[in-house]
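J.: Whatever this is, show me its structure:
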Amino acid sequence: MKKVFSLLLVVAMLVSMSVVASAAPANAAGGMHTVLTESETDITVDIYVSNVVGCSGFTSLALVDGLTYVDGSAVLGDLFAAGKLTVTTSKAGQIKMTHTHTDLANVFDNAGTVLAMSYKVTKDDPTATLTEDNFKMGTTALTVSKVVTKTGGTVAGIAAGNNFTSAKQPAYFTVEVIPFVPEEEPDFGASAEGTTITCFGKVAATATNYGVVFTKESTVEGARAQKYYGAMPGDTVKDYNGSTTFTFGDWDGSFEIILEGVHAGEKELDFFVDDTVIADTNFTVNVQ
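T.: Numbering: from 1, shown residues only. Here you go, the predicted structure:
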């Protein structure tokens with residue numbers, strides 16, 4: 001086999017977990033519920049309206065801290081699509097969405113929860129942790145989030161009235177945050193493509209040696225367990241083409257070992273450090 005080594009800092013891939021907002025918001029009895037679902041790149045703000053009779057529109061005034069509205073990202077839900085949406089972000093620290101039906105015939109009753117609209121925001125500081133403190137509904141007398149109904153309309157659990165507001169019924173205007181949780185990258189791994197096996201892992205930077213060991217292939221006469229050592233700080237090795245040499249200096253213990261020209265068959269391997277096999281690092285790959 002031809003050995004090709006490289007010391008690389010293995011960069012973890014951040015994969016957004018698929019998280020679905022609850023179909024039954026915290027205030028399922030009625031009112032407005034806002035769900036913030038964070039991804040690796042942005043935050044989706046979903047506004048739900050629950051159990052409203054004679055619904056004719058809504059206003060969502062979000063008081064934001066450290067968040068910026070993504071221009072053009074607002075999309076109305078199906079039952080609100082025929083109405084008019086006004087987006088106001090001219091005041092610092094506020095994102096205001098006002099929906100009104102353009103035709104009273106579009107006023108509807110909904111026994112349950114429907115998506116009123118969605119939009120996106122980004123964090124001003126990408127490293128900041130998103131919490132409910134970043135996003136709250138307006139609760140002053142002049143600037144309120146509200147569900148609007150026709151005369152006599154109701155929100156379940158609240159007496160009839162045209163406007164149901166976060167100032168007067170704050171329990172019916174709730175916010176939920178679903179944070180982004182990156183998928184953890186495995187500590188060790190191995191894969192095969194063609195006749196090449198790629199192995200990666202991370203050991204203590206103070207290790208005296210490390211690498212992969214292939215177990216004995218009992219079906220092949222004369223086969224034996226074979227170790228392949230990774231490069232260490234201060235080692236001089238050739239690159240993949242064998243034309244340039246490198247001397248490695250400081251490293252954090254992250255590595256990648258590439259074995260080329262491996263003969264076909266199923267290969268079982270373990271990782272080792274300081275000549276001791278690392279527990280739970282056994283992998284089987286199939287070389288074509």
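J.: Just give the number of residues close to Ala128.
T.: By other Cβ atoms under 10 Å, 12 other residues sit near Ala128. C-beta here means a position set from N, CA and C on the backbone, and glycine is covered the same way.
J.: Quick check: it vs Ser118, distance?
T.: 22 Å (Cβ to Cβ, to the nearest Å).
J.: Please apply the same query to Phe200.
T.: Using Cβ to Cβ, Phe200 is found at 38 Å from Ser118.
J.: Also Gly261?
T.: Taken as Cβ to Cβ, the span from Gly261 to Ser118 is 52 Å.
J.: Who has more neighbours out of those two?
T.: When neighbours are counted by other Cβ under 10 Å, Gly261 and Ser118 differ, and Ser118 comes out ahead with 17 against 13.
J.: Does the more buried one touch Ala74 like I think?
T.: Yes: in this structure, Ser118 is within contact of Ala74 by Cβ atoms under 8 Å, at 7.4 Å.
J.: Quick check: pLDDT value at Val52.
T.: We note a pLDDT of 92 for Val52 in this prediction.
J.: other SSEs contacting the helix or strand hosting it?
T.: For Val52, the host element (DSSP states H and E) is strand 43-64. Applying 3 or more Cβ pairs under 8 Å, 6 or more residues apart in numbering; DSSP states H and E, one finds that strand 43-64 makes contact with strand 31-38, strand 94-100, strand 108-123, strand 135-137, strand 146-155.
J.: could I get these as a markdown table with mean pLDDT and distance to Trp251?
T.: Below are the helices and strands packed on strand 43-64 laid out as a markdown table (pLDDT from 0 to 100; distance: least, Cβ to Cβ, whole Å):
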| stretch | mean pLDDT | distance to Trp251 |
| --- | --- | --- |
| strand 31-38 | 93 | 33 |
| strand 94-100 | 94 | 46 |
| strand 108-123 | 92 | 32 |
| strand 135-137 | 89 | 42 |
| strand 146-155 | 90 | 58 |
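J.: Buried deepest among the ones you listed, which one?
T.: Each of the helices and strands packed on strand 43-64 was assessed for mean neighbour count using mean count of other Cβ atoms under 10 Å. The highest is strand 31-38, with a mean of 23.
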